[in-house]
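S.K.: this is a predicted model, with the sequence first.
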Amino acid sequence: MFLSPLLLILILVLLSFKSSPWKSQPLKNTITPKVRPTVLPQSKFEYVFYELEDYSKLNLINNDKKKQSSDLISTNNCQVAINGGFYDTDHQPLGLMIIGQVELYPALESSLLNGFLWLSQLGAFGITDTLPSVDLELALQTGPLLYQNGSLLPLEIKNDKLARRSVMATLSNGNLLLMIIYDGQSVFLGPKLAELPAILQEAASENDLVIIDAINLDGGSASMFKSSQKYLSEYKSIGSLFCITE
């Protein structure tokens, strides 16, 4: 009779201990690591960038003949170059393309290609979600937008993959930023698209740059970048080329 209550208490304690969520509770005297701005380790990625001060040196070249970027760079005397936007299976640009004040392809409705790069005939440059009511010298539809009015934009991308990423951004100092981000171990790989705004923010912070607006260009095997520092060539033909001349 004396042991029964003790046995009952012991059984209740064991059952309570077994059913309690002790495994999900942090141990005492442990430190929770801080979350990095990027999902993947920063050391996995490398990047090269160029700042353009004079917008009159910016040109857009349509690569409808599927030429190699090295040929386009040589023919147009590009000192710095980065690939443009996306194209379809017939190698036609997806969305608006204006070159030399001529609209070559019309704009289209797209939740992914939700932004425009444009240079007005008066020399103003912008990265916006709508086109301004001014005469344009060049324009290209691409996306998604990564930054808008100084704030990074959250992205939800279906079937997101690791790929090299090309980016253009306007800076608080008035310059235009051209940047490519890639995996140092495999140059056609890079961050997932949803990770790109945060990684771009980290890269800008490391170089004391303040981004106002930013947009994604075509990436992966159809991306390229050329500067005096580095030349990352494409694997598949690029649809268009932003070329900076002297």
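M.R.: On my side now, so go ahead. Not measured: the values here are computed from a predicted model.

S.K.: ok, Gln201 to Phe45 distance?
M.R.: 13 Å (CB to CB, to the nearest Å). All C-beta spots, glycine's among them, are computed from the backbone N, C-alpha and C.

S.K.: which one of these two is surrounded by more residues?
M.R.: Phe45 (22 against 18; other CB atoms under 10 Å).

S.K.: residues contacting the residue lying closest to that one once chain neighbours are set aside?
M.R.: Spatial nearest neighbour of Phe45, chain neighbours left out: Ile181 (5.6 Å); criterion: CB to CB, 6 or more residues apart in numbering. Counting by CB atoms under 8 Å, 6 or more residues apart in numbering, Ile181 touches 45-47, 164-165, 167, 190-191, 196, 199-200, 203.

S.K.: most neighbours of all those, which one?
M.R.: The most crowded member of those, judged by other CB under 10 Å, is Gly190 (29 neighbours).

S.K.: tell me which helix or strand it sits in.
M.R.: Using DSSP states H and E, no element contains Gly190; it sits outside every helix and strand.

S.K.: my guess is it contacts Ser166. True?
M.R.: No. Judged on CB atoms under 8 Å, Gly190 makes no contact with Ser166 at a distance of 9.5 Å.

S.K.: what touches both of the two?
M.R.: Gly219.

S.K.: quick check: beta-bridge partners of Val80?
M.R.: Ile244 (DSSP bridges).

S.K.: from Ile73, how far out is Glu51?
M.R.: Counting by CB to CB - Glu51 and Ile73 are separated by 19 Å.

S.K.: who's more crowded, the two?
M.R.: Shown here are Glu51 and Ile73; by other CB under 10 Å, Ile73 has more neighbours (21 against 16).

S.K.: what's near enough to touch that one?
M.R.: In this structure, Ile73 makes contact with 81, 226, 241, 243, judged by CB under 8 Å, 6+ apart.

S.K.: tell me who's in contact with the closest residue to the third one other than its chain neighbours.
M.R.: For Leu241, the nearest residue in space outside its immediate sequence neighbours is Ile61; the separation is 4.4 Å by CB to CB, 6+ apart. By CB under 8 Å, 6+ apart, Ile61 lies in contact with 72, 76, 99, 240-243.

S.K.: surely Ile61 is in a strand?
M.R.: Yes. Under DSSP: H, G, I helix; E, B strand; the rest coil, Ile61 sits within a strand.

S.K.: next helix or strand past the one helix or strand in the chain whose mean pLDDT sits lowest?
M.R.: When each helix and strand of the chain is scored by mean pLDDT, DSSP states H and E, helix 3-19 comes last, with a mean of 48. Sequence-wise, the next helix or strand downstream of helix 3-19 (DSSP H and E) is strand 45-52.

S.K.: show the low-confidence segments of the chain, by residue range.
M.R.: 1-43 (pLDDT under 70).

S.K.: and the helices in it?
M.R.: 3-19, 69-76, 196-206 (DSSP state H).

S.K.: if you count contacts, what does the last one end up packed against?
M.R.: Right, helix 196-206. When contacts are defined as 3 or more CB pairs under 8 Å, 6 or more residues apart in numbering; DSSP states H and E, helix 196-206 sits against strand 45-52, strand 145-148, strand 151-152, strand 165-171, strand 176-183, strand 211-216.

S.K.: mind putting the ones you listed in a markdown table, distance to Leu108 included?
M.R.: Below are these laid out as a markdown table (distance: least, CB to CB, whole Å):
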| stretch | distance to Leu108 |
| --- | --- |
| strand 45-52 | 27 |
| strand 145-148 | 16 |
| strand 151-152 | 25 |
| strand 165-171 | 20 |
| strand 176-183 | 25 |
| strand 211-216 | 16 |
